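Novice: predicted model, plus sequence, below.
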Amino acid sequence: MAFELPALPYDKAGLAPHMSAETLEFHHGKHHQAYVTALNNFVKDKPELQGKSLDDIVKMSYGKPDMAGVFNNAGQHWNHILFWNCMKPKGGGAMPGRLEQKIAADFGGVAQFKDAFKTAGATQFGSGWCWLVVGKDGKLKVSKTPNGENPLAQTGEMAILGCDVWEHSYYIDYRNRRPDYLTAFVENLVNWEYVDSLLAKA
């Protein structure tokens, strides 16, 4: 069973003006599709990966030099599935009560969380991601990872929000202004109801 590019949960123009249809055409239609295509080609040639879930492949291939290509593409496929679902048209705004209370308890307030999340994204050198993660102690924390790495691979912890800070995610709309992109993501794009639903599962 081959992996497939998931459809966006909104129209390509639905996130404008904070993320343009052109960005989504390239980012979803070309970059994410390329990861899926490459992953399927790797799996086809590796019997030990056939029939495995995406989560399993991410965990099996992480940190193994002979499976670097598998991991890079599996990790990016996993990361992007979360990323697309973490956004919605007219996103941002107020959080559901449970999520807001948990963030306030673990970060000292929503503003403190947003600052920590944006700082993680802005200070990730080169390509990578920033995350809101449910730690093994049950507390929320912010983290960042290089390239296609993610919390599932590194620690097995559950990411409930992820933001792509590879240049292809923001350069069409923001050029080199990554902090502006991160602010727009947090304030105008995040689907807090989806994040809250992942918190409930955790």
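Specialist: Great, that's in hand.
Novice: for Lys90, give me its contacts.
Specialist: With Cβ atoms under 8 Å, 6 or more residues apart in numbering as the criterion, the residues that contact Lys90 are Asn188. Any C-beta I mention is one placed from the backbone N, CA and C, and that applies to glycine too.
Novice: mind starting the numbering at 39 from now?
Specialist: Sounds good: first residue 39 from here, last item Lys128.
Novice: ranges for the helices of the chain?
Specialist: For the chain, helices defined by DSSP state H occupy the ranges 59-64, 71-82, 92-99, 106-123, 135-145, 148-161, 189-192, 209-212, 216-222, 230-239.
Novice: what is the neighbour count of the closest residue to Val228 other than its chain neighbours?
Specialist: Using Cβ to Cβ, 6 or more residues apart in numbering and skipping the chain neighbours, the partner closest in space to Val228 is Gly129 (5.0 Å). Neighbouring residues of Gly129 were enumerated by other Cβ atoms under 10 Å; the total is 23.
Novice: surely Gly129 touches Val233?
Specialist: No - assessed by Cβ atoms under 8 Å, Gly129 is found out of contact with Val233, at 10.2 Å.
Novice: please name the residues that touch Phe145.
Specialist: Neighbouring residues of Phe145 by Cβ under 8 Å, 6+ apart: Phe151, Ala154, Leu178.
Novice: could these go into JSON lines alongside distance to Ser99, neighbour count and pLDDT?
Specialist: What follows is the contacts of Phe145, written out as JSON lines (distance: Cβ to Cβ, whole Å; neighbours: other Cβ atoms under 10 Å; pLDDT from 0 to 100):
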{"residue": "Phe151", "distance to Ser99": "31", "neighbour count": "23", "pLDDT": "98"}
{"residue": "Ala154", "distance to Ser99": "30", "neighbour count": "17", "pLDDT": "98"}
{"residue": "Leu178", "distance to Ser99": "27", "neighbour count": "19", "pLDDT": "98"}
